Every structure is written in structure tokens, then in C-alpha cells.
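> Let's see this in three dimensions:
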Amino acid sequence: MSARRIFSRPARFAAIAPYVWMVLFFLVPFAFVAKISLSQTAIAQPPYTPVFSLAGGRSSLSDAFAALSLDNFRLLLSDDLYLSSYLRSVVVALTSTAILLLIGYPIAYGMARLPRRWQGIAMMLVIVPFWTSFLIRIYAWVNILQHDGLLNQILLALHLVSAPVVWLSTDSAMYVGIVYSYLPFMILPLFATLTKLEPALEEAAADLGASPREIFWLVTFPLSLPGVGAGSLLCFIPIVGEFVIPDLLAGSKSLMIGQTLWLEFFTNKDWPVASSIAVVLLVVLLLPLLLYDRLQRRQLDESR
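Purely as a prediction, here's the structure:
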């Protein structure tokens, strides 16, 4: 048996494995969620109808398919609660991503300019928060931002305020928690992109008379756009569906879509509506991914 045939099977299995993973852990669960989103709420176990059963034969399956409807999706489009939740989630995600980019880019830029022996230490300092549980870190911010928390104590000690400031249950506290939690997801892709830039390009621009500001905006920043896009997607997508941070730090006047989904699923026991919320959320989150992929393809075509 030739060496080519020996190594062809493992290579083939390695190529198929990602597709098998996607089918088993994404497409199959999504198919169940999509089916439930087309069902109706019922006081039963499971709490929806129809339920597909092979015991009744082909006739029962055809009746179950006939009972499916788009009523839950029509409800999402007609009820202001769901529309406002989607809109608030997108606005919060866009605002948070912009703040993360403004903070994360200078940090990543500074890390990329460090000597090689210090870059590993700087990267480790960025990753260190991940060594602690996400929930514990958010509860730590609850303690810091509460009425008699550390932040108010410092502000009072420095005589910057005359009375404790209300931080908890506000959008400010929510943005602080989001930026703190997702900052590494913005820094690391930017750092990986900036470290690959050739210093000779900036030196050539300087030799041609470009100022440091012109070098950054005309050379460095355009070349770092892949990292900007990757970091923005890594932050924007999970922030849209964020539940823990808004629930613990933000107020309850307006809900994000993750909170609305949780209420429908666990409080109202309305699995079909909760599933339809999840399906629409997935479609919404696919749009920036498709846009990013299209921009990447266009850049590759232009570079050729």
C-alpha cells in the first residue's frame, strides 16, 4: 500500500469532521428549534403542539405538518415588545462594539509595538480575566457599583461627589460590564493583525514625507481592517444575545432580546414564541457575517 493511500483516509476524515460537527451540533438542534417555532403553545408535556410521532404512521406526520403555522413570527412583527427588544439589542451591541474598538485598538497597537519579549507578557495580562468565572466577574462589578461599593467610596473619599451615585440598574453599568467582559475579544484579533504588518511599509511612507498621523490613517489602519472586522464581529454577535450582564447590571425598563427570550421560555412557558425569537435572532446575526464575508472576498479580488 502506497504512502499516498495511507495518508489519504485520515486527511479525508479530517476534512469531513467539521461538517459532521456542524450538522450534529448546529443544523440538527436548529431544525428542532425551527419546528417548535412553527408550533402552538399547549398545556402539555412538551408544552406545544403538534408533536411529531412515528407511532401513528404517515397520516399522523402529515397532520402534524399541516398544523404548523407562521403565527408566532407574525406575533413578533406585530408586538412592540419584541420589536423594541430587537432594536435595543442591536443598538446596545453597536454602541458597545464602537466603545470596545476605541479602547481596544490603542491597546492592541501599543502591544504590537512592544519588544518581542514583552508581547507575550502583555497578551497574558489581557487573557488573565478569563481564568476567573464569567459570572463571578460580573458579580464583582455588582459589588463595585452598588450604593456603598468601592467606586462610590473612592469618589466620596476624593470629594468628587457629595453623595453616593446610583450606578446599578442603569445603562452605564451595563456598558461597563459589557466593555470589561468583551475587551479581550477585541484586542486579540487586532493584535494578531497589527503584529503581521511590515514595518518597511511605514518606513517607506515616512521617507515619502508622510506625517505620523498620515502614516496611521493611510497605511496602518487600512491594513488592520481585517482585525477590526474580526474583533467587531466577535464582540457584536454575542452582545446582541447577551443575557447575564443586562439582567444583573442594567435596569428592567427596557429588555434586550436575550432577556425577552428567557422570560418567554422560563416564565411564560411559551416555547414556540421563544423558539421563533431565537430563529429571527439567528437570521439577524447572519447578516453581519455575510457582509463581512463579502467584503473579505472583494478585498481578495482587488489584491489579485
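> CA atoms for contacts and neighbours, from now on please.
Will do.
> pLDDT wise, what is the residue nearest the centre of the chain at?
The centroid of the chain falls nearest to P238 when counting by CA atoms, centre = their mean (1.8 Å). Note for P238: predicted pLDDT of 94.
> before we move on, what about R294?
85.
> which residues in the stretch 51-200 of the chain form strands?
For the stretch 51-200 of the chain, strands defined by DSSP state E, counting those that start in this stretch do not occur.
> quick revisit: quick check: next helix or strand after the helix or strand where the residue nearest to the centre of the chain lies?
According to DSSP states H and E, P238 maps onto helix 225-240. Using DSSP H and E, the helix or strand that follows helix 225-240 in sequence is helix 244-249.
> in the stretch 201-304 of the chain, which spans are helices?
Assigned helices in the stretch 201-304 of the chain, in chain order: 212-215, 221-223, 225-240, 244-249, 257-262, 271-303 (criterion: DSSP state H, counting those that start in this stretch).
> er, the stretch 51-200 of the chain actually
57-67, 71-78, 80-112, 116-127, 134-145, 150-157, 171-194, 199-207.
> Buried deepest among those helices, which one?
helix 171-194 (a mean of 21; mean count of other CA atoms under 10 Å).
> if we can go back for a sec, list the buried residues in the helix holding P238.
226-237, 239-240 (16 or more other CA atoms under 10 Å).
> Figure out how far that helix is from the centre of its chain.
7 Å (CA atoms, centre = their mean, to the nearest Å).
> And the contacts of it?
89-90, 92-94, 96-97, 101, 178, 182, 185-194, 256-258, 285, 288-289, 292, 296 (CA atoms under 8 Å, 6 or more residues apart in numbering).
> rerun at 6 Å
89-90, 93, 97, 186, 189-190, 193 (CA atoms under 6 Å, 6 or more residues apart in numbering).
> got it, and stretch 123-134?
Residues contacting stretch 123-134 (CA under 6 Å, 6+ apart): P184.
> Output it as PDB - backbone C-alpha positions only.
Taking Å, rounded to 0.1, in the frame of the first residue of the first chain, the C-alpha atoms of stretch 123-134 are listed here in PDB:
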ATOM      1  CA  MET A 123      -1.000  39.100  25.900                       C
ATOM      2  CA  MET A 124      -1.100  37.100  29.100                       C
ATOM      3  CA  LEU A 125      -2.300  40.100  31.000                       C
ATOM      4  CA  VAL A 126      -5.100  40.500  28.500                       C
ATOM      5  CA  ILE A 127      -6.100  36.800  28.900                       C
ATOM      6  CA  VAL A 128      -5.800  36.700  32.700                       C
ATOM      7  CA  PRO A 129      -9.500  37.700  33.300                       C
ATOM      8  CA  PHE A 130     -10.600  34.500  31.500                       C
ATOM      9  CA  TRP A 131      -9.100  32.500  34.300                       C
ATOM     10  CA  THR A 132     -11.900  33.600  36.500                       C
ATOM     11  CA  SER A 133     -15.600  32.600  36.000                       C
ATOM     12  CA  PHE A 134     -17.600  35.000  33.900                       C
END
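> tell me the mean pLDDT for that stretch?
Here the average pLDDT along stretch 123-134 is 90.
> what's the span of stretch 153-170 from first residue to last?
19 Å (CA to CA, to the nearest Å).
> Check which residues of that stretch are buried.
Counting neighbours by 16+ other CA under 10 Å, stretch 153-170 gives 153, 165, 167-169 as buried.
> And stretch 271-282, by the same measure?
271-279, 281.
> what stretches of the stretch 201-304 of the chain score poorly on pLDDT?
303-304 (pLDDT under 70).
> if I look at F30, how far off is D301?
34 Å.
> These two: which has the busier surroundings?
F30 (17 against 9; other CA atoms under 10 Å).
> if I look at the nearest residue to K269 once chain neighbours are set aside, how far off is R297?
Nearest residue to K269, sequence neighbours excluded (CA to CA, 6 or more residues apart in numbering): P47, at 7.3 Å. Counting by CA to CA, the gap from P47 to R297 is 45 Å.
> Any idea how many residues pack against V23?
Neighbours of V23 (other CA under 10 Å): 13.
> and it, what pLDDT?
For V23, pLDDT reads 90.
> Quick check: the gap between Q40 and L75.
12 Å.
> now P18
Taking CA to CA, one finds P18 at 36 Å from L75.
> And P272, by the same measure?
For P272, the distance to L75 - CA to CA - is 11 Å.
> repeat for T195
For T195 relative to L75 (CA to CA), the value is 49 Å.
> next one: L255
Here L255 is placed at a distance of 17 Å from L75 (CA to CA).
> ditto for I277
10 Å.
> what do you get for R298?
38 Å.
> do L156 as well
L156 is 49 Å from L75, by CA to CA.
> one step back: now render the helices of the stretch 201-304 of the chain as CSV, adding distance to L68.
Compiled in CSV, those are given as follows (distance: least, CA to CA, whole Å):
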stretch, distance to L68
helix 212-215, 59
helix 221-223, 49
helix 225-240, 28
helix 244-249, 33
helix 257-262, 21
helix 271-303, 11
